[in-house]
Structures are given as structure tokens and as C-alpha cells.
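Q: model the following, please.
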Amino acid sequence: MENNKNNLGSIFNVTSNNQQGGITAGQINFGALQRVITEQDKIVFKENIKKYVKDKTKQITVLAVMGDGEAINLEMEIVAFLKSEGLNVMGGQGMFTNNPKGLIFEINPKNSELEQIIVGRNQ
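A: Numbering: from 1, shown residues only. Purely as a prediction, here's the structure:
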């Protein structure tokens with residue numbers, strides 16, 4: 001995943017009144033940068049789909065951490081990409097007790113199939 005430098009989280013415009021000396025920042029960015037799926041990520045996803053998805057009609061769940069706008073945006077992008085690859089995907093949000101970070105791919109150990117992707121908070 002790559003942080004999108006065009007989507008910089010919360011943006012605040014700053015002005016200064018009666019400032020003497022120095023430079024006032026015209027724009028200050030707060031928060032983590034938005035992760036996006038790169039072309040290299042798509043290649044890796046496609047390789048893993050071949051390896052871990054034997055039945056494209058079986059539903060795969062993609063969940064983002066509830067209330068985390070950055071993770072939700074990435075979850076929606078992943079869902080759209082997987083659907084474009086012909087997979088049966090359901091996206092949504094979930095509450096987790098362990099506060100997941102990054103991307104977590106859950107593979108069923110019995111049949112080595114992808115069951116769920118968790119989009120955790122940005123690292």
C-alpha cells in the first residue's frame with residue numbers, strides 16, 4: 001500500500017494577523033496519509049487470488065475498522081478491485097478487540113482459501 005500524497009487527511013488553512021517576521025504556513029496537514037492500492041499491489045493481489053481463491057463464487061469479506069475513515073476508504077477500494085476480478089465480495093465495517101493495524105489476510109487452514117481481509121488502522 002502506498003500513501004496518496006494527493007489525499008492528505010484533514011486540511012486546515014492558516015492565516016496570520018499582524019505577524020512580524022517569519023513565514024505563515026498556508027496549509028497544514030494533520031493525520032495519516034490515505035493508503036491506496038498501487039499497480040504493484042494489484043499484481044500481488046492477483047497472484048494471491050490464484051493461490052488462495054479456488055471458488056470465485058464463495059464470498060470473501062473485507063472489513064475496515066469501524067469509524068476509521070482512512071481504513072474505510074481503502075476497504076472500499078479493495079472491494080471494488082476484487083469485484084473487478086470477478087470475485088464475490090462483501091465489504092463493511094467491524095469492531096475489533098485487538099485494534100488491528102495494516103492489512104490482515106485470513107486464510108482457512110483446512111482448505112487454504114482466503115476468507116476475510118481486515119483493513120486495520122494506518123501504521
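Q: with only the CA atoms kept, save stretch 58-74 in CSV.
A: Output in CSV follows, covering the C-alpha atoms of stretch 58-74 (Å, rounded to 0.1, in the frame of the first residue of the first chain):
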residue,chain,number,x,y,z
LYS,A,58,-17.6,-18.2,-2.5
GLN,A,59,-18.0,-14.9,-0.6
ILE,A,60,-14.9,-13.1,0.7
THR,A,61,-15.5,-10.5,3.4
VAL,A,62,-13.4,-7.2,3.5
LEU,A,63,-13.9,-5.4,6.8
ALA,A,64,-12.5,-2.0,7.9
VAL,A,65,-12.1,-0.8,11.5
MET,A,66,-15.4,0.8,12.3
GLY,A,67,-15.2,4.6,12.3
ASP,A,68,-11.7,4.8,10.7
GLY,A,69,-12.4,6.9,7.6
GLU,A,70,-9.0,6.2,6.1
ALA,A,71,-9.4,2.4,6.6
ILE,A,72,-12.9,2.5,5.2
ASN,A,73,-11.7,4.3,2.0
LEU,A,74,-9.1,1.6,1.5
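Q: buried stuff in that stretch?
A: 60-65, 68, 70-74 (16 or more other C-beta atoms under 10 Å). (C-beta placed from N, C-alpha, C; glycine too.)
Q: in this protein, which spans are helices?
A: In chain order, the chain shows helices spanning 39-52, 69-84, with DSSP state H as the criterion.
Q: how about a markdown table for those helices, with distance to Pro100 added?
A: Converted to a markdown table, the helices of the chain look like this (distance: least, C-beta to C-beta, whole Å):
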| stretch | distance to Pro100 |
| --- | --- |
| helix 39-52 | 18 |
| helix 69-84 | 9 |
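Q: make JSON lines from those and add mean pLDDT to it.
A: Shown next, in JSON lines, are those (pLDDT from 0 to 100):
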{"stretch": "helix 39-52", "mean pLDDT": "94"}
{"stretch": "helix 69-84", "mean pLDDT": "96"}
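Q: one step back: just flag the most distant two among the buried residues of stretch 58-74.
A: Ile60 and Glu70 (21.4 Å; C-beta to C-beta).
Q: which of the helices of the chain sits most buried?
A: Neighbour counts (mean count of other C-beta atoms under 10 Å) averaged over each of those peak at helix 69-84, with a mean of 18.
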